[in-house]
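S.K.: need a structure here:
(one chain, ligands or ions: 3)
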Amino acid sequence: MENQETTISLPSIKLQNLTHLSDYIPHLPKHPNPLDHNQYFRPFSGFYITPTDVILHNVLHDVSIKSPPPNDGGHLAYHRAGPRKEIFFEPTEVRAAVVTCGGLCPGMNTVIRELVVGLWDLYGVREIYGVKMGYRGFYSSDFVQLDKKLVHTWHKSGGTMLETSRGGFHLNKIVDAIQDHGLNQIYIIGGDGTMRGMVEIFNEIKRRKLNIAVAGIPKTVDNDVGIIDRSFGFQTAVEMAQQAISAGHVEAESGVNCIGLVKFMGRRTGHIALYATLASRDVDCCLIPENDFYLEGKGGLFEFLEHRLKENGHAVLVVAEGAGQDMIPRTEQQQQERDESGNPVFLDVGVWLKSELKKWWARDHPNELFTVKYIDPTYMIRAVPANATDNLYCTLVAHSAIHGAMAGYTGFVSGPINGNYAYIPVEGVARTKNEVNTNDHKWAWVRSVTDQPDFMRRYSTATN
Ligand SMILES: Nc1ncnc2c1ncn2[C@@H]1O[C@H](COP(=O)(O)OP(=O)(O)O)[C@@H](O)[C@H]1O
Ligand SMILES: O=P(O)(O)OC[C@H]1O[C@](O)(COP(=O)(O)O)[C@@H](O)[C@@H]1O
Ligand SMILES: [Mg+2]
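M.R.: Ligands and ions are numbered 1, 2, ... in the order given. Below you'll find the predicted structure:
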C-alpha cells in the first residue's frame, strides 16, 4: 500500500524564555535530581525534561502556510513542565512558602496539599511554611509550618486552609519579609490580580539579586486567566452551576408565567454561565459581559421572553454577574466603589433584572400572573472541594511548579496548554485575559441551544 503521509516542516517557533536564577546569580551550584534515587520513581530515558522540550501554544496549523504570520515571528511555544536532570537547590536548604490570594476556587486546598506532599516526597524538603491571609500575611502574621501529615486530608475541603484576602499588597514589606525569613522558594496561588502582584515581587527579587525562586499557580473560578487551557476548579464550579440551573428550571416550570433567573460569578468573563448553559440545555437565554444586551423593543430581552412565556409558560434566564453593569443606575459613590484589591464593585444584576422584569410585566400585562424566582448561588459554586478531574489537575499543576522551582526557574507560572503542563513567564499570564470569544463556535452553540437574540439589531438599525 502506498504511504498516505506527507512530511511537512513547521514554520519557525518562538519560544517563550524563562528566567533562571543563574541568569542573575553567577556560579550557582547544581545538584543531581534526587528523583534518581526516589523509591517511587525509576527515571527512564526521556524522563527528565530538557530545555528543548516545548509545547506549542496553538496546535492547529494550516500546513499551506510556510512562513510565520507577519509581525509574529513564529509559532508561540512554552517550555514543558516536569523534572529536570539537574536541580539548583540542595533540598535540605530549601525553605519554601505557600500563599493563597484573592477569591476562593475549588481545589485551592488540593494545590496546597500537593505542594507540601510533592516537596516532601519528591525532593525531601522539610521546611515548608504556609503564609496566612494572602499577600498581607507575609508581613503581618506568623507562618504555619506545614508537613505531610498535617495536610493529609486538606483536598477534601473547599476554601483555603491558609485563608485568603484581597488588598494588602506592599511590595517592599513582602520582599523584606521573604528575605528576613530566609525563604528561597515562594509558591503563589492566585488569579489575575495575584499574578500582577507576583510580577512585582519577582522583579524586586531579581533587582535585589536574591536566590529565591518564585512560582505561580493560576487560580480563577471565573476562568479569566489567559494562555492556560482553563483554571483548576472551573469544571467543579460549572457542575455546581448546573444544579442551580436545574433548580431554576424546576421553579420556572412549576409556576405560572414564571422566569427562573440564575446569576453566576463572572466579573469580566461569562465562562461559567456559558459552560453551564451548554451543559444544562434548560436555559432560554444566557447573558454574559462580553455580549451587550438590551431590554426593550425589537430584538430585546423582553420581547424574547414574552414569546417564550407564550410558547412554554416558563423561561430560564442565566446571567453572569458582570453582564449589564452599564445599564444599572448607580450613584456617583457606587461608580467609584472598589474592593481592597482595586476591583470595581458590581451592583447585583440579578436583583436589578428581577425588578425590571416585574415592572415590564406589570406594565404590559397588568392582569396576568407572573413570577420571577431569583437564584443567586454565587459563593456555593466556588466554596466546594474540587471534583475528581480538578483534583488531578491540582496535583499535576502543583508538582509541575515544584519541578520548575527546584530546577532554578523563577518568575514562571505552571499551567496546562493543550493538555500538557508548561512553564509560562508570569508577565504574559498577568497581561492576558481569557474572554469568551463571541465569534467562535461555542457562543454560536449557546445561541443555537437557546435560540436567544443576538442583541445586535438595535445597533445595526442605528447605523443603517
Ligand atoms: N496590579 C497589582 N499589583 C500588585 N498587586 C496586586 C495587583 N492587583 C491585585 N493585586 C493583589 O493581588 C491579590 C489578589 O488580587 P485580587 O484581584 O483580589 O484577586 P485575584 O488574584 O483572584 O484576581 C490582592 O492581595 C491584591 O492586592
Ligand atoms: O470574594 P468576593 O470579594 O466577594 O469577590 C467575589 C468575586 O470573586 C470571584 O469569584 C473571583 O474573582 P477573583 O478570581 O478575582 O478572586 C468573582 O467571580 C467575584 O466577582
Ligand atoms: Mg481576579
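
S.K.: Please make it C-alpha for all contacts and neighbour counts, starting now.
M.R.: Will do.

S.K.: Surely residue 99 is in a strand?
M.R.: Yes - counting by DSSP: H, G, I helix; E, B strand; the rest coil, residue 99 is located in a strand.

S.K.: What is the neighbour count of it?
M.R.: Other residues lying near residue 99 total 26 when counted by other Cα atoms under 10 Å.

S.K.: quick one, what contacts it?
M.R.: Going by Cα atoms under 8 Å, 6 or more residues apart in numbering, residue 99 touches 130, 131, 132, 133, 134, 135, 162, 186, 187, 188, 189.

S.K.: try 10 Å
M.R.: The contact partners of residue 99, by Cα atoms under 10 Å, 6 or more residues apart in numbering, come to 112, 129-138, 143, 160, 162-164, 186-190, 216.

S.K.: Now, the residues you listed that are in strands?
M.R.: In strands, judged by DSSP state E, the following of the contacts of residue 99 are found: 129, 130, 131, 186, 187, 188, 189, 190, 216.

S.K.: Return the distance of residue 206 relative to residue 36.
M.R.: 31 Å (Cα to Cα, to the nearest Å).

S.K.: Where do the strands of the stretch 301-450 of the chain begin and end?
M.R.: 314-320, 371-375, 409-410, 412-417, 420-425 (DSSP state E, counting those that start in this stretch).

S.K.: same deal with the stretch 1-150 of the chain?
M.R.: Under DSSP E, counting those that start in this stretch, the stretch 1-150 of the chain gives strands at 13-15, 19-20, 31-32, 54-56, 75-80, 86-87, 95-100, 127-131, 144-146.

S.K.: Looking at those, spot the one closest to residue 414.
M.R.: For those, proximity to residue 414 was assessed by Cα to Cα; strand 75-80 is nearest, at 9.3 Å.

S.K.: between the closest one and strand 412-417, how big is the angle?
M.R.: If you take axes from the mean of the first three to the mean of the last three Cα atoms, to 10 degrees, strand 75-80 sits at 110 degrees to strand 412-417.

S.K.: isn't residue 104 right next to residue 384, touching?
M.R.: Yes - between residue 104 and residue 384 there is a contact under Cα atoms under 10 Å: 9.3 Å.

S.K.: Quickly list what's touching both of the two.
M.R.: 158, 159, 233.

S.K.: Which of the residues you listed ranks first by neighbour count?
M.R.: residue 233 leads the shared contacts of residue 104 and residue 384 on contacts (other Cα under 10 Å) with 29 neighbours.

S.K.: and the closest residue to it other than its chain neighbours, backbone torsions?
M.R.: Nearest residue to residue 233 in three dimensions, chain neighbours excluded: residue 106, at 4.4 Å (Cα to Cα, 6 or more residues apart in numbering). Note on residue 106: backbone dihedrals following degrees, to the nearest 10 are phi -60, psi 130.

S.K.: who's in contact with residue 106?
M.R.: Applying Cα under 10 Å, 6+ apart, we find residue 106 in contact with 155, 157-160, 219-221, 231-237, 381-387, 390-391, 394.

S.K.: What is the burial count for residue 203?
M.R.: By other Cα under 10 Å, 12 other residues sit near residue 203.

S.K.: Quick check: which element contains it?
M.R.: Using DSSP states H and E, residue 203 sits in helix 192-207.

S.K.: Could you give the separation of that helix from the chain centroid?
M.R.: In terms of Cα atoms, centre = their mean, to the nearest Å, the centre of helix 192-207 is found 18 Å from the chain centre.

S.K.: Please apply the same query to stretch 57-67.
M.R.: The mean C-alpha position of stretch 57-67 is separated from the chain mean by 27 Å, Cα atoms, centre = their mean.

S.K.: what's that stretch in contact with?
M.R.: With contacts defined as Cα under 10 Å, 6+ apart, stretch 57-67 is touched by 8-12, 14-15, 73-78, 227-229, 417-418, 422.

S.K.: Show me what the mean pLDDT comes to for it.
M.R.: For stretch 57-67, mean pLDDT is 79.

S.K.: Same check on stretch 184-201?
M.R.: Throughout stretch 184-201, pLDDT has a mean value of 98.

S.K.: Extract the CA atoms of it and return them as PDB.
M.R.: Output of stretch 184-201 as PDB, limited to C-alpha atoms (Å, rounded to 0.1, in the frame of the first residue of the first chain):
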ATOM      1  CA  ASN A 184      14.100  30.600  49.000                       C
ATOM      2  CA  GLN A 185      11.000  29.200  47.200                       C
ATOM      3  CA  ILE A 186       7.700  31.000  47.000                       C
ATOM      4  CA  TYR A 187       4.600  29.400  45.600                       C
ATOM      5  CA  ILE A 188       1.800  31.900  44.900                       C
ATOM      6  CA  ILE A 189      -1.700  30.600  44.200                       C
ATOM      7  CA  GLY A 190      -4.000  33.300  42.900                       C
ATOM      8  CA  GLY A 191      -5.800  34.900  40.000                       C
ATOM      9  CA  ASP A 192      -5.100  37.800  37.600                       C
ATOM     10  CA  GLY A 193      -4.600  40.300  40.400                       C
ATOM     11  CA  THR A 194      -2.300  38.000  42.300                       C
ATOM     12  CA  MET A 195      -0.300  37.400  39.100                       C
ATOM     13  CA  ARG A 196       0.200  41.100  38.700                       C
ATOM     14  CA  GLY A 197       1.500  41.200  42.300                       C
ATOM     15  CA  MET A 198       3.700  38.300  41.600                       C
ATOM     16  CA  VAL A 199       5.300  40.100  38.600                       C
ATOM     17  CA  GLU A 200       6.300  42.900  41.000                       C
ATOM     18  CA  ILE A 201       7.700  40.500  43.700                       C
END
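
S.K.: check whether that stretch contacts ligand 2.
M.R.: Yes - Stretch 184-201 is in contact with ligand 2 by Cα under 6 Å from any ligand atom, via residue 191.

S.K.: Show me what counts as buried in that stretch.
M.R.: Neighbour counts over stretch 184-201 (16 or more other Cα atoms under 10 Å) mark 184-201 as buried.

S.K.: now stretch 323-341
M.R.: Applying 16+ other Cα under 10 Å to stretch 323-341 flags 323, 324, 325 as buried.

S.K.: In CSV, list those along with pLDDT.
M.R.: Shown next, in CSV, are the buried residues of stretch 323-341 (pLDDT from 0 to 100):
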residue, pLDDT
323, 98
324, 97
325, 96
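
S.K.: What residues are bridge-paired with the nearest residue to residue 52 once chain neighbours are set aside?
M.R.: The shortest distance from residue 52 to any non-neighbouring residue, by Cα to Cα, 6+ apart, is to residue 79 (7.5 Å). Beta-bridge pairing for residue 79 (DSSP bridges): residue 54, residue 423.

S.K.: okay, the angle between the longest helix along the chain and strand 371-375?
M.R.: Longest helix of the chain, by residue count under DSSP state H: helix 234-254. If you take the same axes, to 10 degrees, helix 234-254 sits at 160 degrees to strand 371-375.

S.K.: Show me what secondary structure element comes after helix 234-254.
M.R.: That would be, after helix 234-254 and using DSSP H and E, strand 258-264.

S.K.: what's that next one packed up against?
M.R.: On a contact count with 3 or more Cα pairs under 10 Å, 6 or more residues apart in numbering; DSSP states H and E, strand 258-264 meets helix 234-254, helix 271-280, strand 285-287, helix 301-312, strand 314-320, helix 349-364, strand 371-375.
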